[in-house]
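Novice: Sequence and predicted structure are below.
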Amino acid sequence: MRILVLGGSGFVGRSIAELAAARGDDVTVLNRGRADPPPRVRALTGDRQTPGGLDALGDATWDAVVDTWSADATVVAAAATALQGRAGHYTYISSRSVYVLGEDRLVPHDEPGYAGDKLRGELAAAGFGGPLLLARAGLILGPYENIGRLPWWLNRLHAGGPTLAPGPRDLPLQYIDTRDLAAFVLDAAATARTGPFDLVSPPGHTTMGELLDITNEVTGNHADLRWTDPDTIIAAGIQPWTHLPVWLPPGPLHTALHGSDVTPALAAGLRCRPVRETITDTWTWLTSLPDGAPHRADRPAVGLDPQIEATLL
């Protein structure tokens, strides 16, 4: 297939471009050129937020387009309109954040922030006018992560010593490995699959205990995990998700993020690798980087201040 990835140098976009090239597809990526592209792809430079940002595409055609944009939806609208009649299929990488917390309905069209941007991105992608897949991903982990969630835990447990482990140990987690997301998207493009799909592992794919136990093992068993109940953590002013990445205490928000029914996606071919593989491969990638994991400038830093952790323990 001839595939165009709008993005293609970081995290999900890179995983898609890399897998497509490994499968033998003819891959083109368009981005601002701030990072080296994956091997065996054609790299075009363009800033989609500026006039003429798509000019490098010329009049070329593709079998499939994958758009990873996550901010202002006018950028998605411009690409979808420009590629009308020039591609056989369009995928927009969206998010399960488009749902109202704990409900099956979507957030309002004027919802501010990330959720609203993703929903408006979905609506803008419809301007493509052809087969459209909306990939509503949940928590994404794996190599190339530039948000910092799993990399933070890997580095923290490698540092070792008494380590705050947020309980309960059997707290179920759902996420999707970036490479499994890439495989679903590429397979769906090849079969012209359309519609929205919630893309995350089945409920109970892993637990907080398994995630941290394997992370500790993979990084050398340096950490003494001190499992702590959620009320104690919250009372100490420690913020779920940001101070302790991935973790949310039991409650409505946790249920919304980690209680998804993904039966349609599984029936459509979604396959999720074991959590050990995701952790091991992310650690291998992370330790290969001379300057540590990259971090997106538009996302806040995550992680717990060592002194706050020590005080609570």
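Specialist: That came through, no problem.
Novice: Report the secondary structure state of the closest residue to Leu212 other than its chain neighbours.
Specialist: Sequence neighbours aside, Ala165 is the residue nearest to Leu212 in space, at 5.5 Å (criterion: CB to CB, 6 or more residues apart in numbering). Where you see a C-beta, it was placed from the backbone N, CA and C, and this is true even at glycine. Using DSSP: H, G, I helix; E, B strand; the rest coil, the structure places Ala165 in strand.
Novice: Distance check, Ala165 against Arg149.
Specialist: Remark: distance between Ala165 and Arg149 (CB to CB, to the nearest Å) = 15 Å.
Novice: who has more neighbours, those two?
Specialist: More crowded of Ala165 and Arg149, by other CB atoms under 10 Å: Ala165, with 23 against 20.
Novice: Point to the helix or strand of this protein where mean pLDDT is at its lowest.
Specialist: Lowest mean confidence among the helices and strands of the chain (mean pLDDT, DSSP states H and E): helix 252-258, at a mean of 94.
Novice: who touches it?
Specialist: 96, 99, 101-102, 138-139, 171-174, 203, 240, 248 (CB atoms under 8 Å, 6 or more residues apart in numbering).
Novice: If we use 6 Å, what do you get?
Specialist: Residues from elsewhere that reach helix 252-258, judged by CB atoms under 6 Å, 6 or more residues apart in numbering: 101-102, 172-174, 248.
Novice: same check, this time on stretch 94-111
Specialist: Residues outside stretch 94-111 that contact it (CB under 6 Å, 6+ apart): 114-115, 118-119, 122, 134, 136-138, 198, 252, 256.
Novice: same question for it, mean pLDDT?
Specialist: Averaged over stretch 94-111, pLDDT sits at 94.
Novice: Using PDB, list the CA coordinates for that stretch.
Specialist: Extracted C-alpha coordinates of stretch 94-111, given in PDB (Å, rounded to 0.1, in the frame of the first residue of the first chain):
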ATOM      1  CA  SER A  94      -8.800  10.100  18.200                       C
ATOM      2  CA  SER A  95      -9.300   9.400  21.900                       C
ATOM      3  CA  ARG A  96     -11.800   7.800  24.300                       C
ATOM      4  CA  SER A  97     -11.700  11.300  25.900                       C
ATOM      5  CA  VAL A  98     -14.500  12.200  23.400                       C
ATOM      6  CA  TYR A  99     -17.000  10.500  25.700                       C
ATOM      7  CA  VAL A 100     -18.700  12.100  28.600                       C
ATOM      8  CA  LEU A 101     -17.300  10.600  31.800                       C
ATOM      9  CA  GLY A 102     -19.000   7.300  32.500                       C
ATOM     10  CA  GLU A 103     -21.400   7.600  29.600                       C
ATOM     11  CA  ASP A 104     -21.700   6.400  26.000                       C
ATOM     12  CA  ARG A 105     -22.600   9.900  24.700                       C
ATOM     13  CA  LEU A 106     -20.000  12.300  23.300                       C
ATOM     14  CA  VAL A 107     -18.900  15.500  24.800                       C
ATOM     15  CA  PRO A 108     -20.500  18.800  23.500                       C
ATOM     16  CA  HIS A 109     -19.000  20.100  20.300                       C
ATOM     17  CA  ASP A 110     -17.800  23.200  22.100                       C
ATOM     18  CA  GLU A 111     -16.100  21.300  24.900                       C
END
